[in-house]
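**Q** sequence first, then the predicted structure:
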Amino acid sequence: MNLKNVINVFVLSACIAISTSSCKSKVSDADLKAKVETVVASTPGVTVDVKDGVLTLSGSVATEAEREAIANTAKAADSKNIKSVVNNIVVEAPKVEINANDVDLAAKVVDATKDFPTVQAVVKDGIVTVTGTLEQARIQVLKQSLDALSPKKVDLSALVIK
């Protein structure tokens with residue numbers, strides 16, 4: 001009978017030990033969200049959501065490296081309690097500024113070169129670069145037509161003369 005009591009005490013102790021270890025306190029989703037928001041606060045436009053320990057990042061950044069760095073930093077905020085990270089941050093395409101003067105000049109260049117079907121012209125930063133082929137007798141007419149548009153420069157160095 002004494003052995004039976006020892007076994008019962010042992011089983012009861014084991015049950016208590018297991019139940020107390022499985023009842024360890026969990027960090028709430030709101031607390032995790034607050035921790036991560038503090039870490040990513042330096043990146044405007046990035047939002048944080050946490051549900052059942054799964055962290056979801058949304059928003060936009062300029063580079064892929066920045067996207068990955070934010071995800072790694074967010075996970076490191078509490079790696080013990082964050083189960084996984086869903087990185088929905090989008091990398092925006094770089095903004096290309098088009099010079100309005102180039103657009104106007106390019107339209108005028110198209111009109112000026114319409115009588116020269118073997119010639120192509122590109123405008124960048126106010127410089128007209130001409131490529132293609134043209135007869136020697138028509139080069140002066142083309143050059144004068146393009147000079148009349150007042151570009152910074154007319155580059156005929158890539159033009160093949162017949």
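**A** Yep, it's here.

**Q** per-domain residue ranges of this structure.
**A** 26-91, 100-161 (automatic domain parsing).

**Q** next, format the ones you listed as JSON lines and append mean pLDDT.
**A** Listed next are the domains of the chain as JSON lines, based on pLDDT from 0 to 100:
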{"stretch": "domain 26-91", "mean pLDDT": "89"}
{"stretch": "domain 100-161", "mean pLDDT": "91"}
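
**Q** relative to L32, how far out is K83?
**A** 10 Å (Cβ to Cβ, to the nearest Å). In this view, the C-beta of every residue, glycine as well, is placed from N, C-alpha and C.

**Q** looking at these two, which is more packed in?
**A** Counted by other Cβ atoms under 10 Å, K83 and L32 do not tie: L32 has more neighbours, with 23 against 10.

**Q** so the more buried one sits in a helix?
**A** Yes. Using DSSP: H, G, I helix; E, B strand; the rest coil, the assignment for L32 is a helix.

**Q** now it. Nearest residue, chain neighbours left out?
**A** V50 (4.7 Å; Cβ to Cβ, 6 or more residues apart in numbering).

**Q** what's the answer for Q136, then?
**A** Nearest one to Q136, counting by Cβ to Cβ, 6+ apart, is I161 at 5.4 Å.
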